[in-house]
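Visitor: I need the structure of the sequence given here:
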Amino acid sequence: MNNGKKYIIYLQKVKNIIDLLVEYDYMVSFMKTKCSKTAKTRTQKRAKRTRRKLKRAALDVFSNKVVDAATVEEITEKADLGKGTLYQHFDDKEQMVVTLVEEAIEHLIDKIRSYEDAPETLDEMLEHLLDTHYEFYVESKEEFILLFQGKLLLKLESEATEELEEPYLRYLEELEEQLAMYLSPRIAPQKIRRLACAVAGFVFGFLSFAMIGMDSDEIQTSIKPLRRAFVRSLSVFLGR
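Guide: As a prediction, the model looks like this:
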(Lines give C-alpha, C1' and ligand atoms only; values in the text may rest on other atoms or scores of the structure.)
Protein backbone atom coordinates (compact mmCIF):
# COMPACT_ATOMS: atom_id res chain seq x y z
CA MET A 1 0.00 0.00 0.00
CA ASN A 2 1.49 3.31 -1.07
CA ASN A 3 1.84 6.29 1.23
CA GLY A 4 -1.06 8.16 -0.42
CA LYS A 5 -3.56 5.41 0.37
CA LYS A 6 -2.21 5.10 3.93
CA TYR A 7 -2.67 8.82 4.42
CA ILE A 8 -6.26 8.69 3.13
CA ILE A 9 -7.04 5.79 5.49
CA TYR A 10 -5.46 7.72 8.37
CA LEU A 11 -7.54 10.79 7.61
CA GLN A 12 -10.70 8.66 7.50
CA LYS A 13 -9.91 7.20 10.94
CA VAL A 14 -9.29 10.67 12.32
CA LYS A 15 -12.61 11.84 10.88
CA ASN A 16 -14.41 8.87 12.44
CA ILE A 17 -12.87 9.66 15.82
CA ILE A 18 -13.85 13.33 15.51
CA ASP A 19 -17.41 12.34 14.55
CA LEU A 20 -17.63 10.07 17.60
CA LEU A 21 -16.34 12.83 19.86
CA VAL A 22 -18.85 15.32 18.43
CA GLU A 23 -21.69 12.82 18.89
CA TYR A 24 -20.53 12.07 22.44
CA ASP A 25 -20.34 15.78 23.25
CA TYR A 26 -23.85 16.26 21.85
CA MET A 27 -25.21 13.35 23.92
CA VAL A 28 -23.58 14.69 27.08
CA SER A 29 -24.98 18.15 26.43
CA PHE A 30 -28.43 16.71 25.68
CA MET A 31 -28.45 14.62 28.87
CA LYS A 32 -27.34 17.60 30.96
CA THR A 33 -30.12 19.74 29.50
CA LYS A 34 -32.68 16.99 30.00
CA CYS A 35 -31.60 16.39 33.60
CA SER A 36 -31.67 20.13 34.24
CA LYS A 37 -35.18 20.44 32.82
CA THR A 38 -36.33 17.38 34.74
CA ALA A 39 -34.90 18.75 37.97
CA LYS A 40 -36.48 22.15 37.30
CA THR A 41 -39.85 20.54 36.53
CA ARG A 42 -39.69 18.47 39.71
CA THR A 43 -38.78 21.56 41.72
CA GLN A 44 -41.65 23.51 40.18
CA LYS A 45 -44.11 20.68 40.87
CA ARG A 46 -42.90 20.39 44.45
CA ALA A 47 -43.25 24.15 44.91
CA LYS A 48 -46.81 24.06 43.52
CA ARG A 49 -47.74 21.19 45.86
CA THR A 50 -46.28 23.05 48.82
CA ARG A 51 -48.10 26.26 47.88
CA ARG A 52 -51.40 24.37 47.53
CA LYS A 53 -50.81 22.72 50.90
CA LEU A 54 -50.21 26.10 52.54
CA LYS A 55 -53.33 27.59 50.95
CA ARG A 56 -55.50 24.65 52.05
CA ALA A 57 -54.17 24.94 55.59
CA ALA A 58 -54.67 28.71 55.66
CA LEU A 59 -58.20 28.41 54.31
CA ASP A 60 -59.04 25.87 56.98
CA VAL A 61 -57.58 28.07 59.75
CA PHE A 62 -59.21 31.26 58.43
CA SER A 63 -62.62 29.61 58.13
CA ASN A 64 -62.49 28.40 61.72
CA LYS A 65 -61.12 31.59 63.24
CA VAL A 66 -61.44 35.29 62.54
CA VAL A 67 -58.69 36.15 60.06
CA ASP A 68 -57.17 38.75 62.38
CA ALA A 69 -56.92 36.16 65.16
CA ALA A 70 -55.29 33.45 63.01
CA THR A 71 -51.51 33.19 63.18
CA VAL A 72 -48.78 32.07 60.80
CA GLU A 73 -47.80 29.44 63.37
CA GLU A 74 -51.28 27.90 63.23
CA ILE A 75 -51.16 27.77 59.45
CA THR A 76 -47.72 26.15 59.25
CA GLU A 77 -48.65 23.69 61.99
CA LYS A 78 -51.80 22.75 60.08
CA ALA A 79 -49.76 22.32 56.89
CA ASP A 80 -47.00 20.46 58.77
CA LEU A 81 -44.44 22.86 57.32
CA GLY A 82 -41.97 25.34 58.73
CA LYS A 83 -42.44 29.11 58.84
CA GLY A 84 -39.48 29.50 56.52
CA THR A 85 -41.29 27.45 53.89
CA LEU A 86 -44.35 29.69 54.14
CA TYR A 87 -42.24 32.80 53.62
CA GLN A 88 -40.75 31.27 50.48
CA HIS A 89 -44.24 31.41 48.94
CA PHE A 90 -45.93 34.37 50.66
CA ASP A 91 -44.63 37.63 52.07
CA ASP A 92 -46.91 37.43 55.09
CA LYS A 93 -50.33 36.34 56.33
CA GLU A 94 -52.02 39.30 54.65
CA GLN A 95 -50.77 38.21 51.23
CA MET A 96 -52.21 34.75 51.88
CA VAL A 97 -55.58 36.29 52.71
CA VAL A 98 -55.57 38.39 49.53
CA THR A 99 -54.61 35.35 47.41
CA LEU A 100 -57.35 33.18 48.91
CA VAL A 101 -59.97 35.92 48.63
CA GLU A 102 -59.08 36.52 44.97
CA GLU A 103 -59.40 32.81 44.17
CA ALA A 104 -62.66 32.47 46.08
CA ILE A 105 -64.15 35.50 44.32
CA GLU A 106 -63.22 34.02 40.93
CA HIS A 107 -64.88 30.72 41.86
CA LEU A 108 -68.04 32.52 42.99
CA ILE A 109 -68.17 34.69 39.86
CA ASP A 110 -67.82 31.58 37.69
CA LYS A 111 -70.86 30.14 39.45
CA ILE A 112 -72.87 33.34 39.04
CA ARG A 113 -72.20 33.18 35.30
CA SER A 114 -73.12 29.51 35.09
CA TYR A 115 -76.47 29.66 33.30
CA GLU A 116 -77.16 28.87 29.67
CA ASP A 117 -80.11 31.24 29.30
CA ALA A 118 -80.47 34.44 31.29
CA PRO A 119 -83.39 34.52 33.76
CA GLU A 120 -86.38 36.35 32.29
CA THR A 121 -87.35 38.44 35.30
CA LEU A 122 -85.67 40.24 38.17
CA ASP A 123 -87.15 37.75 40.64
CA GLU A 124 -85.70 34.86 38.63
CA MET A 125 -82.29 36.52 38.60
CA LEU A 126 -82.46 37.03 42.36
CA GLU A 127 -83.40 33.36 42.71
CA HIS A 128 -80.38 32.50 40.57
CA LEU A 129 -78.10 34.58 42.77
CA LEU A 130 -79.42 32.84 45.87
CA ASP A 131 -78.96 29.43 44.26
CA THR A 132 -75.40 30.11 43.16
CA HIS A 133 -74.39 31.51 46.53
CA TYR A 134 -75.96 28.54 48.29
CA GLU A 135 -74.23 26.08 45.94
CA PHE A 136 -70.96 27.89 46.53
CA TYR A 137 -71.51 27.59 50.29
CA VAL A 138 -72.25 23.85 50.03
CA GLU A 139 -69.37 23.05 47.67
CA SER A 140 -66.79 25.49 49.05
CA LYS A 141 -67.85 26.26 52.60
CA GLU A 142 -64.40 27.43 53.71
CA GLU A 143 -64.15 29.90 50.83
CA PHE A 144 -67.67 31.21 51.48
CA ILE A 145 -66.95 31.72 55.18
CA LEU A 146 -63.66 33.44 54.36
CA LEU A 147 -65.35 35.89 51.98
CA PHE A 148 -68.26 36.80 54.19
CA GLN A 149 -66.91 36.59 57.73
CA GLY A 150 -66.61 39.47 60.18
CA LYS A 151 -64.30 42.23 59.04
CA LEU A 152 -64.05 40.88 55.50
CA LEU A 153 -67.80 41.21 55.13
CA LEU A 154 -67.40 44.88 55.96
CA LYS A 155 -65.40 45.23 52.74
CA LEU A 156 -68.73 45.03 50.96
CA GLU A 157 -69.86 48.16 52.80
CA SER A 158 -66.58 49.98 52.28
CA GLU A 159 -65.78 52.51 49.58
CA ALA A 160 -62.03 51.88 49.94
CA THR A 161 -59.94 50.48 47.11
CA GLU A 162 -57.08 48.84 48.97
CA GLU A 163 -55.57 45.59 47.72
CA LEU A 164 -58.01 43.40 49.61
CA GLU A 165 -61.01 45.41 48.40
CA GLU A 166 -60.16 44.88 44.72
CA PRO A 167 -61.53 41.31 44.44
CA TYR A 168 -64.67 42.37 46.33
CA LEU A 169 -65.14 45.21 43.87
CA ARG A 170 -64.97 42.70 40.99
CA TYR A 171 -67.65 40.66 42.73
CA LEU A 172 -69.87 43.72 43.23
CA GLU A 173 -69.37 44.76 39.61
CA GLU A 174 -70.45 41.28 38.51
CA LEU A 175 -73.64 41.51 40.59
CA GLU A 176 -74.37 44.93 39.12
CA GLU A 177 -73.82 43.62 35.59
CA GLN A 178 -76.11 40.64 36.16
CA LEU A 179 -78.90 42.86 37.51
CA ALA A 180 -78.50 45.75 35.05
CA MET A 181 -80.64 44.20 32.32
CA TYR A 182 -83.66 44.10 34.67
CA LEU A 183 -83.33 47.59 36.13
CA SER A 184 -83.44 51.02 34.56
CA PRO A 185 -81.74 53.17 35.56
CA ARG A 186 -78.91 51.07 37.00
CA ILE A 187 -79.04 50.83 40.76
CA ALA A 188 -76.68 52.75 43.03
CA PRO A 189 -73.43 51.01 44.07
CA GLN A 190 -74.40 51.24 47.74
CA LYS A 191 -77.55 49.22 47.03
CA ILE A 192 -75.42 46.57 45.33
CA ARG A 193 -73.24 46.36 48.44
CA ARG A 194 -76.28 45.95 50.69
CA LEU A 195 -77.77 43.39 48.37
CA ALA A 196 -74.56 41.35 48.53
CA CYS A 197 -74.57 41.50 52.33
CA ALA A 198 -78.24 40.47 52.43
CA VAL A 199 -77.69 37.49 50.12
CA ALA A 200 -74.66 36.34 52.13
CA GLY A 201 -76.60 36.71 55.36
CA PHE A 202 -79.55 34.75 54.01
CA VAL A 203 -77.28 31.91 52.88
CA PHE A 204 -75.62 31.89 56.28
CA GLY A 205 -79.12 31.19 57.58
CA PHE A 206 -78.87 27.78 55.94
CA LEU A 207 -76.10 27.03 58.40
CA SER A 208 -78.51 27.45 61.30
CA PHE A 209 -80.80 24.81 59.81
CA ALA A 210 -77.87 22.48 59.14
CA MET A 211 -76.62 22.85 62.70
CA ILE A 212 -79.86 21.42 64.10
CA GLY A 213 -79.41 18.27 62.05
CA MET A 214 -81.54 18.95 58.98
CA ASP A 215 -80.38 17.52 55.67
CA SER A 216 -80.19 19.52 52.44
CA ASP A 217 -83.69 18.58 51.18
CA GLU A 218 -85.29 19.41 54.52
CA ILE A 219 -83.49 22.76 54.59
CA GLN A 220 -84.70 23.62 51.10
CA THR A 221 -88.31 22.71 52.00
CA SER A 222 -88.28 24.56 55.30
CA ILE A 223 -86.72 27.71 53.94
CA LYS A 224 -88.80 27.91 50.75
CA PRO A 225 -91.50 30.27 52.14
CA LEU A 226 -88.82 32.50 53.66
CA ARG A 227 -86.96 32.44 50.38
CA ARG A 228 -89.98 33.66 48.38
CA ALA A 229 -90.56 36.50 50.85
CA PHE A 230 -86.88 37.36 50.79
CA VAL A 231 -86.77 37.55 46.99
CA ARG A 232 -89.83 39.80 46.92
CA SER A 233 -88.23 42.05 49.56
CA LEU A 234 -85.05 42.29 47.54
CA SER A 235 -87.04 43.15 44.43
CA VAL A 236 -88.81 45.97 46.26
CA PHE A 237 -85.51 47.14 47.72
CA LEU A 238 -84.04 47.36 44.22
CA GLY A 239 -86.93 49.50 43.10
CA ARG A 240 -89.26 47.09 41.34
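Visitor: Quick one: the strands in this structure, in order.
Guide: Ranges of strands in the chain, per DSSP state E: none exist.
Visitor: Can you give me the domain boundaries for it?
Guide: 3-90, 94-237 (automatic domain parsing).
Visitor: So which of those domains has the densest surroundings on average?
Guide: Of all the domains of the chain, domain 94-237 carries the top mean neighbour count, a mean of 16, counting by mean count of other Cβ atoms under 10 Å. The C-beta positions use only the backbone N, C-alpha and C, and glycine is treated the same way.
Visitor: Let me know the average pLDDT across it.
Guide: Summarised as a single mean, pLDDT over domain 94-237 is 83.
Visitor: likewise stretch 73-83?
Guide: Computed over stretch 73-83, the average pLDDT equals 92.
Visitor: Need the residues that contact it.
Guide: 50, 53-54, 56-58, 60-61, 65, 72, 85-86, 93, 96 (Cβ atoms under 8 Å, 6 or more residues apart in numbering).
Visitor: Can you pick out the most distant pair from the residues you listed?
Guide: The widest separation within those, taken as Cβ to Cβ, falls between 50 and 65 and amounts to 22.5 Å.
Visitor: how about residue 113, what does it touch?
Guide: Applying Cβ under 8 Å, 6+ apart, the residues near residue 113 are residue 174.
Visitor: at 10 Å instead, please
Guide: Applying Cβ atoms under 10 Å, 6 or more residues apart in numbering to residue 113 gives the contacts 132, 174, 177-178.
Visitor: I'd like those residues as JSON lines, with distance to residue 124 appended.
Guide: Shown next, in JSON lines, are the contacts of residue 113 (distance: Cβ to Cβ, whole Å):
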{"residue": "132", "distance to residue 124": "13"}
{"residue": "174", "distance to residue 124": "17"}
{"residue": "177", "distance to residue 124": "16"}
{"residue": "178", "distance to residue 124": "11"}
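Visitor: nearest to residue 166, of those residues?
Guide: For those, the nearest to residue 166 is residue 174 (13.1 Å; Cβ to Cβ).
Visitor: Now the closest one: closest residue in space that isn't a chain neighbour?
Guide: Leaving out its chain neighbours, the residue that sits closest to residue 174 by Cβ to Cβ, 6 or more residues apart in numbering is residue 109, at 5.0 Å.
Visitor: which residues does that neighbour contact?
Guide: 132, 136, 167, 170-171, 173-175, 178 are the contacts of residue 109 under Cβ under 10 Å, 6+ apart.
Visitor: what would those look like in CSV with distance to residue 226?
Guide: Converted to CSV, the contacts of residue 109 look like this (distance: Cβ to Cβ, whole Å):
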residue, distance to residue 226
132, 18
136, 19
167, 30
170, 29
171, 24
173, 28
174, 25
175, 21
178, 22
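Visitor: Which residue lies nearest the spatial centre of the protein?
Guide: residue 103 (2.2 Å; Cα atoms, centre = their mean).
Visitor: ok, it - contacts?
Guide: So residue 103 contacts 55, 59, 140, 143, 146, 167 (Cβ under 10 Å, 6+ apart).
Visitor: Any figure for the gap between it and residue 68?
Guide: For residue 103, the distance to residue 68 equals 20 Å [Cβ to Cβ, to the nearest Å].
Visitor: that older thread, among the contacts of stretch 73-83, which ones are in helices?
Guide: 50, 53-54, 56-58, 60-61, 72, 85-86, 93, 96 (DSSP state H).
Visitor: wait, which of those residues is closest to residue 221?
Guide: Closest to residue 221, out of all of those and judged by Cβ to Cβ, is residue 60, at 31.0 Å.
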